[in-house]
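Engineer: what follows is a predicted structure for the sequence shown.
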Amino acid sequence: MFRTRAQAEGNIAQPRERHLRSIPKPRRFASWLAPVIVVVFLAMLGITTFQTRMAQTQVEIDQLQRKIDRARATKVSLERQQAELRSPVRLGREAESMGMVQASAVGFVQVDSATYVAAIAASGQMEQGSSGSAP
């Protein structure tokens, strides 16, 4: 270090030596804290939205399940009613109430070929110009 003449002669008091050091940069918490807070906020918002949507979907599922249960109960009731209506005993009673009687003998009716062909032609099942044969 350089000294002045006065300092060299000792007339002036020597100043104490200063130690210089660099001051560390202040840490900016806001520079990394703000994005972290935003990410945490968005994650919480996403989770809340997801849970809300799950709850809404569960309500819809419960409503559909109740409809399915009602439809199944209706189906069982209609199947029971159908079985009762198809019952041979009930059909016999209904037939008797309409004046029908039980057949004493079973027979077949013979239809001639001309009548058979005319019936087929009238129903539109036979092409014109083709020859049909009786069964």
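Structural biologist: Arrived safely, thanks for sending.

Engineer: CA atoms for contacts and neighbours, from now on please.
Structural biologist: Noted.

Engineer: lowest confidence element among the helices and strands of the chain?
Structural biologist: helix 5-9 (a mean of 61; mean pLDDT, DSSP states H and E).

Engineer: now the helix or strand that it is followed by: average pLDDT?
Structural biologist: Remark: after helix 5-9, the chain's next helix or strand is helix 29-85, criterion DSSP states H and E. Averaged across helix 29-85, pLDDT comes to 94.

Engineer: starting at the chain centroid, how far to whichever helix or strand comes after helix 29-85?
Structural biologist: Next helix or strand after helix 29-85 toward the C-terminus (DSSP H and E): helix 88-97. On the basis of C-alpha atoms, centre = their mean, to the nearest Å, helix 88-97 sits 48 Å off its chain's mean C-alpha point.

Engineer: helix 88-97: which residues count as buried?
Structural biologist: Residues of helix 88-97 include none that count as buried (16 or more other C-alpha atoms under 10 Å).

Engineer: stretch 113-125 now?
Structural biologist: In stretch 113-125, counting by 16+ other C-alpha under 10 Å, buried: Val117.

Engineer: what's the answer for stretch 24-40, then?
Structural biologist: In stretch 24-40, counting by 16+ other C-alpha under 10 Å, buried: nothing.

Engineer: with only the CA atoms kept, save that stretch in CSV.
Structural biologist: In CSV, the C-alpha atoms belonging to stretch 24-40 read as follows (Å, rounded to 0.1, in the frame of the first residue of the first chain):
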residue,chain,number,x,y,z
PRO,A,24,-24.4,-11.3,-0.8
LYS,A,25,-27.4,-10.5,-3.0
PRO,A,26,-30.6,-10.4,-1.0
ARG,A,27,-32.6,-13.5,-1.8
ARG,A,28,-35.7,-12.8,-3.6
PHE,A,29,-38.3,-15.0,-2.1
ALA,A,30,-41.0,-13.6,-4.4
SER,A,31,-39.1,-14.8,-7.5
TRP,A,32,-39.6,-18.5,-6.6
LEU,A,33,-42.3,-18.3,-4.0
ALA,A,34,-44.9,-16.8,-6.3
PRO,A,35,-44.8,-19.6,-8.9
VAL,A,36,-44.9,-22.2,-6.1
ILE,A,37,-48.0,-20.5,-4.7
VAL,A,38,-49.7,-20.4,-8.1
VAL,A,39,-48.9,-24.1,-8.7
VAL,A,40,-50.2,-25.1,-5.3
